[in-house]
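> just to be clear, the model below is a prediction. Sequence and coordinates:
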Amino acid sequence: MIILGLESSADKLGVGIISDEGKILANLRKTYKPPRGSGVLPRDASEHHAKNIPELIKDAFEEAELHPREIDLIAFTKGCGMGPCLRVAAVAARTLSSQLRKPLIGVNHQVGHIEIGRLVTGFDDPVVLYVSGGNTQIIAYTEGRYRVFGETLDIPIGNCLDVFGREAGLSDRNAPMGRVVELLAEKTDEYIPLPYVVKGMDLSFSGILTATLKHLKNGIPVEVLANSLQETVFAMLTEVTERALSHTRKDEILVTGGVAANTRLKEMLNQMASEHGAKFAGLPAPLAIDNGVMIAWAGYLMWTTGQRPKPEDYLVDQHFRVEDVEVTWRSNSHKKRTPAVKSS
């Protein structure tokens, strides 16, 4: 079985093709680059996607060495995401489905990230830290669904880093802003205290961002602020992930999403996992950031375990939550571990 996946929930347009054996045949992407000093505007990003999706689909079939009629299933991102952007992949998917007479299925964005992570890492039942420009969530599977154990109460971690970078005048159109901030933070070990906001299992980043920008206006060197911001927000993420790990008694931690490529974040999570006797893994950047392959793979899992879309499922949903998805391809028979106890 060959599956085509289309992803356009935010600034990235992705087209992926994968086989039912998990062999990636194509994974192509085009990213909308906003003007310097500006964030991603949904209308502008959707226009970029609409302009590029026909050629990107064509290129994906060429890379996979397949004729379009050789695919068996088409999957698209139903949500969550930016409405105008989501509609680009949805319309393209519906058009292809009609022309090729192939079945179509809508996929939850977070489920796509989780399932491609499980496929690539070989992890069975991880606690998932999902960190991107549009989301920050700690997710784990229980009772037939993926449950959110904690999430941001305001802005996502990726957005926090992006705004700081823009306000600091940083710019590199060939690299994500988070990567630019990371490289800047590596230039110093100096740290200044910033607000640390963890509320139960949830997090807040807006106050930290405000305080950081205030220090920037007061003349604190930008590399010191980059390092201080990273250390603070990543410590918060690690704390909440650790709490979810202890609560669920799982023994695997997976980090995914655009911010998951950050080396310092992975160092913190790996150290925490080691202290609890758990395994840790991230994903290679082409599969950690938004991509069409993850949508194709999740669509395959849904389809082959009997999920069939209703008419309303062909429409996008900006607020589509991961908890809304019935995870029919997994069982509840995962073993729980006894958490490691550290001596003080």
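Nice, thanks for sending it over. Remember, it's a predicted structure, so these values are computed and weren't measured experimentally.

> name the nearest residue to L104, sequence neighbours excluded.
Spatial nearest neighbour of L104, excluding adjacent residues (CB to CB, 6 or more residues apart in numbering): S97 at 4.0 Å. The C-beta positions use only the backbone N, C-alpha and C, and glycine is treated the same way.

> tally up the residues packed near that neighbour, please.
Neighbour count for S97, taken as other CB atoms under 10 Å: 18.

> in which helix or strand does it reside?
In the assignment (DSSP states H and E), S97 maps to helix 83-100.

> next SSE downstream of that helix?
Next along the chain after helix 83-100, taking DSSP H and E as the criterion, comes strand 104-108.

> point out where the stretch 151-300 of the chain drops to low pLDDT.
The model of the stretch 151-300 of the chain has pLDDT under 70 over residues 171-175.

> all strands of it, in order?
198-199, 202-203, 252-256, 279-281 (DSSP state E, counting those that start in this stretch).

> in JSON lines, list those along with distance to E70 and mean neighbour count.
Output for the strands of the stretch 151-300 of the chain, formatted as JSON lines (distance: least, CB to CB, whole Å; neighbours: other CB atoms under 10 Å):
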{"stretch": "strand 198-199", "distance to E70": "49", "mean neighbour count": "12"}
{"stretch": "strand 202-203", "distance to E70": "45", "mean neighbour count": "22"}
{"stretch": "strand 252-256", "distance to E70": "29", "mean neighbour count": "26"}
{"stretch": "strand 279-281", "distance to E70": "32", "mean neighbour count": "19"}
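
> okay, those strands in CSV with distance to T77 next?
Output for these, formatted as CSV (distance: least, CB to CB, whole Å):
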stretch, distance to T77
strand 198-199, 30
strand 202-203, 25
strand 252-256, 15
strand 279-281, 24
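
> please tell me how far stretch 272-283 is from the chain's geometric centre.
The chain centroid and the centroid of stretch 272-283 are separated by 19 Å, computed with CA atoms, centre = their mean, to the nearest Å.

> start to end distance for it?
End-to-end distance of stretch 272-283 (CA to CA, to the nearest Å): 18 Å.

> for my notes, confirm Y130 occurs in a helix.
No: if the criterion is DSSP: H, G, I helix; E, B strand; the rest coil, then Y130 is strand and not within a helix.

> contact partners for it?
Each residue near Y130 by CB atoms under 8 Å, 6 or more residues apart in numbering is listed here: 110, 113-114, 136-139, 255-257.

> among these, which two are most distant?
Largest separation among the contacts of Y130 by CB to CB: I114 and T136, giving 14.6 Å.

> neighbour count: those two, which is higher?
When neighbours are counted by other CB under 10 Å, I114 and T136 differ, and T136 comes out ahead with 29 against 25.

> could you pull up phi and psi at that one?
With angles defined as degrees, to the nearest 10, T136 sits at phi -140, psi 110.

> from V233, how far off is it?
9 Å (CB to CB, to the nearest Å).

> and for these two, which residues touch both?
The overlap between the contact sets of T136 and V233 (CB under 8 Å, 6+ apart) consists of 157, 205.

> returning to what we had before: the strands of the stretch 151-300 of the chain: which one's closest to K33?
Of all those, strand 252-256 comes closest under CB to CB, at 22.8 Å.

> doesn't E62 belong to a strand?
No: E62 sits outside any strand when classified using three-state DSSP, being helix.

> can you report how many residues lie near it?
Neighbour count of E62, defined by other CB under 10 Å: 11.

> may I have the distance across stretch 16-34, first residue to last?
Using CA to CA, the two ends of stretch 16-34 sit 24 Å apart.

> tell me which residues in it are buried?
Neighbour-count burial for stretch 16-34, counted by 16 or more other CB atoms under 10 Å, picks out 16-19, 24-32, 34.

> same check on stretch 144-158?
Within stretch 144-158, judged by 16+ other CB under 10 Å, the buried ones are 146, 148-152, 155-158.

> please identify which pair of the residues you listed lies farthest apart.
The largest separation in the buried residues of stretch 144-158, counting by CB to CB, is between Y146 and I155 at 22.3 Å.

> brilliant, that's me finished.
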